[in-house]
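Chemist: Fold the following for me, if possible:
(chains A and B)
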Amino acid sequence: MTSPQTTPHDTHKPAQPTSIPVLRRILVYGGWLALGIAVVGATLGGIFQGGVGVVSALIGTAMAVVFMGITAGSILLANRFAGHESAIGAFFGIVMGGWLLKFVVFLALMFLLRDQPWISPIVLFLSIVAGVIGSLVVDAVVVMTSRMSYVSDVTLPPAPTDA
Amino acid sequence: MDSTTVLAELTGNIATVGYGLAAIGPAIGVGIVVGKTIEGVARQPELAGRLQVLMYIGIAFTEALAFIGIATYFIFTN
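Modeler: Down below sits the predicted model:
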């Protein structure tokens, strides 16, 4: 009679969640999209509003993409706590805390930028909307085209061996 | 004779109410998304990765409303 030899679970390094590569791709593709929107927005802003339009388009695009990307970034950061005892609490604390902080910073930025003479509010607004919608499109496309196995975050104990 | 009587008067910028309205919807939406993700992960921890991605998409679409709403408030108050 042999007893199976298994290693205790706590000696395993916990598997990283499978969302990490998807979220990384979202951030990378979002960066490329931001570049495209910034170029198009700055060109159109320059044509219609001059130098003020170029600055507004660049700031608006950067704000939209950075603030949309903070969500994915915060999930990636929170995943570093995977396997810890307080993983769930840390995960939602970081993601929701980042979300709240992001909106406070966004409000403060909008409040500061609104009355600046070197900002065109309409170009800034249109750039933010373009950046937000563009990053949503990137998110949806990346998630639809990403392949994730159905059950993948589980770490199986090693197979029992005969003594 | 005036057919309407003013019972209450609102002074200040009415667009402030717009920010409140822009915040309520996404707040409820993100609350539901995150709450349901916690439920899902508690039931099936091995699905945490997939649920995180779905949660991310839900949050992204919901927060887009908030961003556009807040930007609208600030840009069009003047």
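Chemist: Would you check that A:L58 makes contact with A:A38?
Modeler: Yes. Between A:L58 and A:A38 there is a contact under CB atoms under 8 Å: 5.6 Å. Any C-beta I mention is one placed from the backbone N, CA and C, and that applies to glycine too.
Chemist: Now chain A against chain B: closest residue?
Modeler: Nearest residue of chain A to chain B, counting by CB to the nearest CB: A:T18, 3.2 Å away.
Chemist: mind checking the SS state of the residue lying closest to that residue once chain neighbours are set aside?
Modeler: Leaving aside its chain neighbours, A:T18 sits nearest to B:G49 (3.2 Å; criterion: CB to CB, 6 or more residues apart in numbering or on different chains). Under DSSP: H, G, I helix; E, B strand; the rest coil, B:G49 falls in the helix class.
Chemist: What about B:G49, how many residues nearby?
Modeler: 25 (other CB atoms under 10 Å in any protein chain shown).
Chemist: likewise A:P17?
Modeler: With other CB under 10 Å as criterion, A:P17 counts 29.
Chemist: same deal with A:L101?
Modeler: Neighbours of A:L101 (other CB under 10 Å): 12.
Chemist: again, but for A:L77
Modeler: 15.
Chemist: just to revisit the earlier point, how far away is the residue nearest to A:T18 from A:T145?
Modeler: 16 Å (CB to CB, to the nearest Å).
Chemist: now B:G40
Modeler: Distance from B:G40 to A:T145, by CB to CB: 23 Å.
Chemist: Tell me which of those two has more neighbours.
Modeler: B:G40 (17 against 9).
Chemist: Got the confidence number for the more buried one?
Modeler: You'll see B:G40 listed with a pLDDT of 90.
Chemist: any idea which element it lies in?
Modeler: Following DSSP states H and E, one finds B:G40 within helix B:15-43.
Chemist: elements contacting that helix?
Modeler: Counting by 3 or more CB pairs under 8 Å, 6 or more residues apart in numbering or on different chains; DSSP states H and E, the packing neighbours recorded for helix B:15-43 are helix A:87-114, helix B:48-75.
Chemist: Same list (these) but as CSV, adding mean pLDDT.
Modeler: Converted to CSV, those look like this (pLDDT from 0 to 100):
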stretch, mean pLDDT
helix A:87-114, 86
helix B:48-75, 84
